[in-house]
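Visitor: quick one, structure for this:
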Amino acid sequence: MKAKKKKTMVEKLREIRDKISMETMNMTFEELEHYFSERKKKLALKEKTYKTEPSVSLSAEPRVQYKKNK
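Guide: Residues are numbered from 1 along each chain as shown. A predicted model of the protein is given here:
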């Protein structure tokens, strides 16, 4: 029996691309709009559901306050 090879990120992304391509192959423009709006809603709901920690904000402010030399 052959051991399963762990998929790389590129392989996973290719699978996602191929799946979307197969699902949308024969859709009209209106169907595509609806398809992607539904996927966007599902993704937003998924992000909202699994978000447990506040997002990290990028700031130019240093975390350590340095004393100013006079």
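Visitor: which other helices and strands does the least confident helix or strand in the chain by mean pLDDT contact?
Guide: Sorting the helices and strands of the chain by mean pLDDT, DSSP states H and E puts helix 29-50 at the bottom, at a mean of 88. Using 3 or more C-beta pairs under 8 Å, 6 or more residues apart in numbering; DSSP states H and E, the elements in contact with helix 29-50 are helix 9-24. No exception for glycine: its C-beta is placed from N, CA and C like everyone else's.
Visitor: pLDDT of the helix it packs on, averaged?
Guide: The average pLDDT within helix 9-24 is 93.
Visitor: ok, residues contacting that helix?
Guide: Defining contact as C-beta atoms under 8 Å, 6 or more residues apart in numbering, one finds that helix 9-24 is touched by 7, 32, 35.
Visitor: any idea which helix or strand carries K4?
Guide: Using DSSP states H and E, K4 sits in no helix or strand.
Visitor: give me the distance between K19 and M25.
Guide: Between K19 and M25 the computed distance is 11 Å (C-beta to C-beta, to the nearest Å).
Visitor: okay, these two: which has more neighbours?
Guide: Using other C-beta atoms under 10 Å as the criterion, K19 and M25 rank with K19 on top: 10 against 7.
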